[in-house]
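In: coords below, sequence missing:
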């Protein structure tokens, strides 16, 4: 969940199309033939009709979008909808958030500290966690929140918690009913699903300015931007949860004479409860991933120190901010997971894979699996004795007293209200913000200085021998040739349905006037995805085969998936210089995590009997991997490719900041320059179209492999 | 389900109760006054909400003004990190009081100052803004004649990279600034290709690496900028700017205009009678002053407020002139 743009953390696969897996297709030969024809034609007609558009130039659509923005801005003061509805909503949101900030995080003018100091806030947070999730989560949460203070980021952290909770709260209010409605009404589902797709794949940079236009800058806008990205996972998982209540159960309930409202309240909702909590978990993570983006419209939170550290290229300070975001993600993830596991223990039952458990529901929803050691139950521990419900409630009630005492103390003593500096405290001083930052700075700089000539050379080789030729082929083919090639690939891989989608997406890209830029972006996306899969297979096989490797690697994967990309932009630039390759590296760092986890899951999912049988027939480890485990995990590989691709695409905009150029840079420039607003928005649309196209081709191709 | 819901409700109610109770408890922390006291003018000044645009020189302006407003006038200063256009929007809608370093933006001036009358010009900051093409110091030393754009074609081969192919690379890149570089390259018939770096960070890291490894680099950059105190980049002379030579973006063949950087205040704030209005209007300093404060932040990793304090303490005369 990095800073950026639409990272689809919980991808939700819809029902797969039916295909006949036994039919022989000769896909490989057809594709090879296609490439030969393509290259031959390219040699003849290259550099013609490439539809290149100089950066500062705009098309009719772009100017029209600019004019449209101007007219909204112009009517903003007089239009009743803008003034009362939108204005009212943002005033209410700003009011609520400012009030919470005054209570928990921010000093309101004459008072030097917030109403409740850090000790009180920690006690309250710990108590709520205990009530919802249990003692392990409470300890984790308390350690994390304490570290926020040690980092010197207390206020930013609590601000981010506030924003996240307000956003998730609104998500639940909107998303839950919507998900239920979609589960019960096919037509609503058909209408809303593409909208959700759009919300998740549209780069958030593209809609930052319009949002600021509607909601003004500040907390309300930050929440609005977060909502766009965080609602879809909750809606989708809720829909899935309700739909997956087994038909038998529903039949049985109906035969007992339940009305459809009773059915929902007494059967479907309780049975989908755990899935819905998983949806809330995914929603929370998505909300958190918007932290740095929200900081660009003055949203309070941990994004602020990260963004401002980037201005002075202070890698260390950005890292400390990023680390705090990672800690918050871990703490919220584990807490909601623990809460959902508890919900299950109390008798809720669904067929959805538990997030901490060993199953992934095939074909419908995949959820990232946490390793067992990270879940509330602990790794392979025997079931522990739990407090009875009454006992737990008694404990929770009893704990109110110390919590209240802590709150009162934090209102009485300044040292308990304001986090002091830890620079002179033994041991902890090492973790205090400035110290940690300067250590990171030193380490990174000396590392960069040692290897940067080598890494730059590596970049040159890859760019000249691999990226440039491929880009020449894709981006200097005439648009009509390239469009035909893409259609043919879609047809060979997935049949006529993805071909249709591809045609529509191509029309959209042509309509945005950014065909050539889109092709450059496509090239980078393909190269990045290829590299992602190479790394993911190597790491994933290692993790799938050895639990110890898994335990070592997984925390790093979690961290890279969570840390805002802004944190590693500067080191990446120092190592590779600005260019398309650097953009690819930034995408790699982010996308490798999810792909690796999925590959590892796939390898681990190969039936132990098969592995045992193969081993007893005396295969070498290499044969085991290449002949048994990888082929049997083929489905997971395809899924990993699909997700890797979407994650790479979600980094296109970040790539634009490090020299990726093309669509990503246009989106960034559209956010910054008034005249390019329309072009930036159009580039956002083009990215979305590319994403939908690639996703549908991959999904239909995947369906053929599942048998 | 029912039981779980009840417990959740219970937890929520109790949490709300705890919050409520503690909120009613009344502040008992002794020094419940403004941390910066001042001389009792706090009420008169009230809020000062400064937009902070994303470059370090701007941060210096903002925090020096903010620090003075806080300590000498007793204002309640808040900073909002915003892009330029968004800050203008904020001034128009009344959520931002002032922008303290503005680079031109004729379209926004027309929209908000001339037509909308929601924003006012608050006078120059004293800083001169320069946009242009720069090379790292080692190149200026080794190839002195490279500093004239007429000689650039001679060196085009040096600047070839894997991004620019068979032409020289001109690295562009901050998405916030308008560039004429594509047109300039065409109209000056330079054998160069504009390659986008994508961010200020990309430009600075490129200069650092070029100077360290003695690799050639030609890039778009600007002053005042804290990076100049780390490295004295040399500016490549383009055909001189004359009034109106940049009127048609397609035929442009001259240097970027010099910018007189200025401050802006929202009309509402200007009419509020706050003493901070005078401070913002009178604030003026030099490029060197700004670069110094910026260096405190970027090289010495000081917080903006500490950097501002250090400069303000060392320059009482200048500060006094702003408060007259």
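Out: Nice, thanks for sending it over. Remember, it's a predicted structure, so these values are computed and weren't measured experimentally.
In: and residue 124, how many neighbours does it have?
Out: Using chain A here. Residues near residue A:124, counting by other C-beta atoms under 10 Å in any protein chain shown, number 21. Glycine gets a C-beta too; all of them are placed from N, C-alpha and C.
In: look at chain B instead
Out: 14.
In: what comes up buried for the helix or strand hosting it?
Out: Per DSSP states H and E: residue B:124 is located in strand B:119-135. Within strand B:119-135, the residues scored as buried using 16 or more other C-beta atoms under 10 Å in any protein chain shown are B:119-120, B:122-123, B:125-127, B:129-135.
In: Which helix or strand in chain A has the lowest average pLDDT?
Out: helix A:80 (a mean of 73; mean pLDDT, DSSP states H and E).
In: now for the helix or strand following that helix, which elements pack on it?
Out: Following helix A:80 in sequence order, the next helix or strand is helix A:87-104 (DSSP H and E). When contacts are defined as 3 or more C-beta pairs under 8 Å, 6 or more residues apart in numbering or on different chains; DSSP states H and E, helix A:87-104 packs onto helix A:154-184, helix A:204-215, helix A:219-243.
In: Give me the mean pLDDT for helix A:87-104.
Out: Helix A:87-104 comes out with an average pLDDT of 87.
In: Give me the residues contacting it.
Out: For helix A:87-104, contacts defined as C-beta atoms under 8 Å, 6 or more residues apart in numbering or on different chains pick out A:108, A:114-116, A:121, A:158-159, A:162-163, A:166, A:214-216, A:218-221, A:223-224, A:300, B:19, B:23.
In: Can you name the element that comes right after that helix?
Out: Helix A:87-104 is succeeded, C-terminally, by helix A:118-132 (DSSP H and E).
In: Between helix A:154-184 and the helix or strand following that next one, find me the angle.
Out: Downstream of helix A:118-132, the next assigned helix or strand under DSSP H and E is helix A:135-151. Orientation check (axes from the mean of the first three to the mean of the last three C-alpha atoms, to 10 degrees): helix A:135-151 against helix A:154-184 gives 140 degrees.
In: Helix A:135-151 close to chain B?
Out: No - with C-beta under 8 Å from any C-beta of the partner chain as the measure, helix A:135-151 is seen stopping short of chain B, the closest distance being 12.9 Å.
In: How about the residues of the stretch 151-300 of chain B by chain A?
Out: B:161-163, B:165, B:171, B:173, B:175-180, B:182-183, B:194-206, B:208-209, B:212-213, B:226, B:249, B:297-298.
In: just the buried members of the residues you listed?
Out: Buried among those (16+ other C-beta under 10 Å): B:161-163, B:171, B:173, B:175-180, B:182-183, B:194-206, B:208-209, B:226, B:297-298.
In: if we can go back for a sec, filter the buried residues of strand B:119-135 to keep only those in contact with chain A.
Out: Counting by C-beta under 8 Å from any C-beta, no member of the buried residues of strand B:119-135 is near chain A.
In: now the residues you listed in a markdown table, with pLDDT?
Out: Below are the buried residues of strand B:119-135 laid out as a markdown table (pLDDT from 0 to 100):
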| residue | pLDDT |
| --- | --- |
| B:119 | 91 |
| B:120 | 90 |
| B:122 | 89 |
| B:123 | 90 |
| B:125 | 90 |
| B:126 | 89 |
| B:127 | 89 |
| B:129 | 87 |
| B:130 | 89 |
| B:131 | 89 |
| B:132 | 90 |
| B:133 | 93 |
| B:134 | 93 |
| B:135 | 94 |
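In: State the pair within those residues that is farthest apart.
Out: B:120 and B:135 (39.6 Å; C-beta to C-beta).
In: The host helix or strand of residue A:40 - contacts with which helices or strands?
Out: Using DSSP H and E, the element containing residue A:40 is helix A:27-45. Using 3+ C-beta pairs under 8 Å, 6+ apart as the contact test, the elements touching helix A:27-45 are helix A:468-475, helix A:479-494.
In: Having no further points to raise, I will conclude here.
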